[in-house]
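Enquirer: got a structure for you, letters missing:
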């Protein structure tokens, strides 16, 4: 094969390898994607508690947050998993740094608890916005009362 024919045939092959080389190198050295963290809450057990477990987290410190207002620090296992037995019934999330992972599962009453708290906040806000001397209504629901007080306190700062 003469020199000119060889040059004509090999030029596209060489150009293609030069163009694709850095791309292949970048793909080969890219770090593997971190698996998404997951968390779940069991149904209510016979003793009235739930189990919370998860995986895909970074090893090290984490914080468990609850709709019941209770939180606790704990440490992830070296493989990024955790299991907490005998927790109070509620909706949970795990905070690790600035990342919050909502736990799936739990019972229907946890949603009602969150809704009741929000309803209390709105009611307290609205009442104090209308009248700075408003007082909390009598309520047997602790979450509603807590929410009412929080909403009222913010409204007092804003309007009174």
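Expert: Arrived safely. Remember, it's a predicted structure, so these values are computed and weren't measured experimentally.

Enquirer: contacts, neighbours, all on C-alpha from now
Expert: OK.

Enquirer: which residues sit in contact with residue 149?
Expert: Residue 149 makes contact with 120, 121, 124, 136, according to CA atoms under 8 Å, 6 or more residues apart in numbering.

Enquirer: again with residue 150
Expert: Counting by CA under 8 Å, 6+ apart, residue 150 touches 121, 124.

Enquirer: same thing but at 6 Å, please
Expert: Contacts for residue 150 were tallied using CA atoms under 6 Å, 6 or more residues apart in numbering; they are residue 121.

Enquirer: who touches residue 73 in this structure?
Expert: Applying CA under 6 Å, 6+ apart to residue 73 gives the contacts 62, 63.

Enquirer: After the helix or strand containing it, which helix or strand is next?
Expert: Secondary structure from DSSP states H and E places residue 73 in strand 71-76. Downstream of strand 71-76, the next assigned helix or strand under DSSP H and E is strand 82-88.

Enquirer: rewinding a little: so, if you compare the contacts of residue 149, which one comes nearest to residue 160?
Expert: Using CA to CA, residue 124 comes nearest to residue 160 of the contacts of residue 149, at 13.5 Å.

Enquirer: The closest one belongs to a helix, doesn't it?
Expert: Yes: counting by DSSP: H, G, I helix; E, B strand; the rest coil, residue 124 is part of a helix.

Enquirer: Contacts only, for the nearest residue to residue 79 once chain neighbours are set aside.
Expert: For residue 79, ignoring the flanking residues on the chain, the nearest one in space by CA to CA, 6 or more residues apart in numbering is residue 59 at 6.5 Å. Counting by CA under 6 Å, 6+ apart, residue 59 makes contact with 76, 77, 78, 80.

Enquirer: By mean pLDDT, flag the weakest helix or strand of the chain.
Expert: Lowest on mean pLDDT, DSSP states H and E among the helices and strands of the chain sits helix 3-29, with a mean of 55.

Enquirer: what's downstream of that helix, the next helix or strand?
Expert: Once the chain leaves helix 3-29, the next helix or strand it forms, by DSSP H and E, is strand 38-41.
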